[in-house]
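Trainee: could you work out the structure for the sequence below:
(2 chains)
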Amino acid sequence: MLLILHAIQHNNPGSHITPADIRQVASYLNTTTASVYGVVRYYSMFSLSPRGKYIIRFCKSPLCRMVGAFDLIKSLEKALSIRMGETTSDMMFTLEPSECLGHCDKAPVMMVNEQMYFNLDESRIKDIIGELREQESKKQTS
Amino acid sequence: MIQETRIALKNAGTIDPLSIDDYIKAGGYQVFEKALAMDRQQIIREMEDSGLRGRGGGGFPTGMKLKFTDQAEWPVEGTKYVICNADEGEPGTYKDRVIMEQDPHIMIEGMLIAALALRAGQGYIYIRGEYVDSIRKVEQALKSCYDKGYLGRNIKGSDFSFDMELRLGAGSYLCGEELTLLESLEGKRGYPRIKPPFPANVGVFDKPTLINNVETFALMPSIIGEGAAAFKKTGTDKSPGTKIFTISGDVEKPGYYEAPLGVSLRQIIDELAGGMKDGKPFQAALLGGAAGSFVDHSVLDTPMGFDTLKEKGAILGSGAIMVMDRSRSLYDMMHSVLEFFEHESCGKCVPCRVGTHLLVMMLEEVKEKKNGNRARMLEKMEEEADYMQKTSLCPLGGSPIIPIRSAVQYFKNEF
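Mentor: So this is what the prediction gives:
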């Protein structure tokens, strides 16, 4: 079921799972909507509400925290004008906390969609967000 | 001066992980082909003789697991299963990711050898959803195994048939616990099962199942290829072989290093990881991840093995080493470890659900208390965590006691 849910979520523009998806999965797997809903709610990578085009998963594990993850999260929140767990009003960015992403030798780290970013500091974060925004505005004008 | 000894990582960095031909050129799948002609009981005996202990953190003898799964009655319908636990989520640990990203075939060959010994028909690799690169490479590796006839029906003209599929996690630490992983693999919420029965008898889809960590499987081709005796030459009597240590924090060269068990923490820090960062003094290390132990300088020269560390009130666990210099706050580290458990507790057992939350609040209270009361509060935390360990179903409820007890033992006055 997890593979199916991953695929559905990946193909939805809002990177989330809708009530209609849940009903469809339940009927396909011959199970109840409640059990599918239960699975979706349990795993933190699945979302029931629409998310931004770029999902930022910021590692807040003990090691990343030791080297300043919380300060960086604050500056990210400021740069995007959202709080942890929220999505920007233009549906561009969603900021989510993540447990250890397994790159502790290059901490602090974050993951933007499928791309990892290492050895972060405030200026790198500003650059990364700036680049992504620029990419998007270019796409819109072209 | 110690050197790295690479067994699980022998091809890492020297071959193209996406090319099965590269792996075969480096001697890959030869051991499996040799094993096809071996008596399968001999494979199990060899694994038992090697003394290999599970590299996921538990340290259970791998050969014994293999034997129990072999002795389990053959299911009336279906088959026995071989599962690779690649749901690496223990904070500070990234050895399985390195294996999958750099040499996925060595893990698959290990699984094939185990499957051959058990005559299992189906295998799964369960990778956490966040490991995008590992997923991609293992997917490609499985595909090329089918193309080259190392998976599927009548492998290499023998009567052995074995299929293998990839399954993904979706962001749950607990699913790295073997029984919870089985639930998740069946497409359910990640709630732990009651143990016993053990997976060897009642595993995935209620069938006998062998479940091992990535690193454990990656060591198997060398053990069967070169023999148990050769494997036992490295490491210690009770913890033979090598271990991949992932070291991070305040050292000059954080990273992954495969070294013989029995190596000391001081050797890993000074001789492999280039010493303390900027020459700052060592304060503490958290060994084994969040479900790991805080140790001070008195453990620097203790041989790193499952039992030797246990005698010191510490654990080897997954091989994670997080190093803290004098400027780091142990309180903050402990706080994030306890918050981690609070977040990852699945909520099935009341003592863990309530206890993990309570421990965070208690620690915050410790900070506000004065001297005498502070020590009393730490003791209370230890009692609470001990109670959780005794009354929770799975290892998560039993985990907070490990960092708490070791912190009380080594750093009572630092909180």
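
Trainee: can we go C-alpha only for contacts and neighbour counts from here?
Mentor: Fine.

Trainee: pLDDT score for the residue nearest the centre of chain A?
Mentor: Centrality entry for chain A: nearest residue to the mean C-alpha point is A:Ile55, 3.1 Å, by C-alpha atoms, centre = their mean. pLDDT recorded at A:Ile55 is 97.

Trainee: what of B:Asp250?
Mentor: If you check B:Asp250, the pLDDT there is 98.

Trainee: chain neighbours aside, what residue packs nearest to the residue nearest to the centre of chain A?
Mentor: Leaving aside its sequence neighbours, A:Ile55 sits nearest to A:Thr94 (C-alpha to C-alpha, 6 or more residues apart in numbering or on different chains; 4.8 Å).

Trainee: mind listing what the one you found touches?
Mentor: By C-alpha atoms under 8 Å, 6 or more residues apart in numbering or on different chains, the contact set of A:Thr94 is A:51-56, A:85-88.

Trainee: chain neighbours aside, what residue packs nearest to B:Ala218?
Mentor: Using C-alpha to C-alpha, 6+ apart and skipping the chain neighbours, the partner closest in space to B:Ala218 is B:Met107 (4.4 Å).

Trainee: what is the mean pLDDT for the stretch of helix or strand that neighbour belongs to?
Mentor: Assigned by DSSP states H and E, B:Met107 belongs to helix B:104-118. Averaged across helix B:104-118, the pLDDT comes to 98.

Trainee: so how far is that helix off the chain centroid?
Mentor: Centre-to-centre, helix B:104-118 and its host chain are 17 Å apart (C-alpha atoms, centre = their mean, to the nearest Å).

Trainee: in it, what counts as buried?
Mentor: Within helix B:104-118, the residues scored as buried using 16 or more other C-alpha atoms under 10 Å in any protein chain shown are B:104-118.

Trainee: output it as PDB, nothing but the C-alphas.
Mentor: Extracted as PDB, the C-alpha positions of helix B:104-118 are listed here (Å, rounded to 0.1, in the frame of the first residue of the first chain):
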ATOM      1  CA  PRO B 104      24.200  -2.200  -3.800                       C
ATOM      2  CA  HIS B 105      25.100  -5.600  -5.300                       C
ATOM      3  CA  ILE B 106      27.100  -6.700  -2.400                       C
ATOM      4  CA  MET B 107      24.000  -6.500  -0.200                       C
ATOM      5  CA  ILE B 108      21.900  -8.300  -2.900                       C
ATOM      6  CA  GLU B 109      24.500 -11.100  -3.100                       C
ATOM      7  CA  GLY B 110      24.400 -11.500   0.700                       C
ATOM      8  CA  MET B 111      20.600 -11.800   0.500                       C
ATOM      9  CA  LEU B 112      20.900 -14.300  -2.400                       C
ATOM     10  CA  ILE B 113      23.300 -16.500  -0.300                       C
ATOM     11  CA  ALA B 114      20.900 -16.400   2.700                       C
ATOM     12  CA  ALA B 115      17.900 -17.200   0.500                       C
ATOM     13  CA  LEU B 116      19.800 -20.100  -1.100                       C
ATOM     14  CA  ALA B 117      20.600 -21.500   2.400                       C
ATOM     15  CA  LEU B 118      16.900 -21.300   3.300                       C
END
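
Trainee: that one packs against which elements?
Mentor: helix B:30-36, helix B:40-50, helix B:62-71, strand B:81-86, helix B:132-147, helix B:214-226 (3 or more C-alpha pairs under 8 Å, 6 or more residues apart in numbering or on different chains; DSSP states H and E).

Trainee: with distance to A:Ala20 added, can I get those in JSON lines?
Mentor: Shown next, in JSON lines, are those (distance: least, C-alpha to C-alpha, whole Å):
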{"stretch": "helix B:30-36", "distance to A:Ala20": "47"}
{"stretch": "helix B:40-50", "distance to A:Ala20": "49"}
{"stretch": "helix B:62-71", "distance to A:Ala20": "42"}
{"stretch": "strand B:81-86", "distance to A:Ala20": "32"}
{"stretch": "helix B:132-147", "distance to A:Ala20": "27"}
{"stretch": "helix B:214-226", "distance to A:Ala20": "37"}
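
Trainee: rewinding a little: quick one: contacts of the helix holding B:Met107?
Mentor: Here helix B:104-118 makes contact (C-alpha under 8 Å, 6+ apart) with B:8, B:17, B:20, B:23, B:28-29, B:32, B:35-36, B:40-41, B:43-44, B:66, B:69-70, B:80-84, B:99-100, B:121, B:123, B:137-138, B:141, B:160, B:162, B:214-215, B:217-221.
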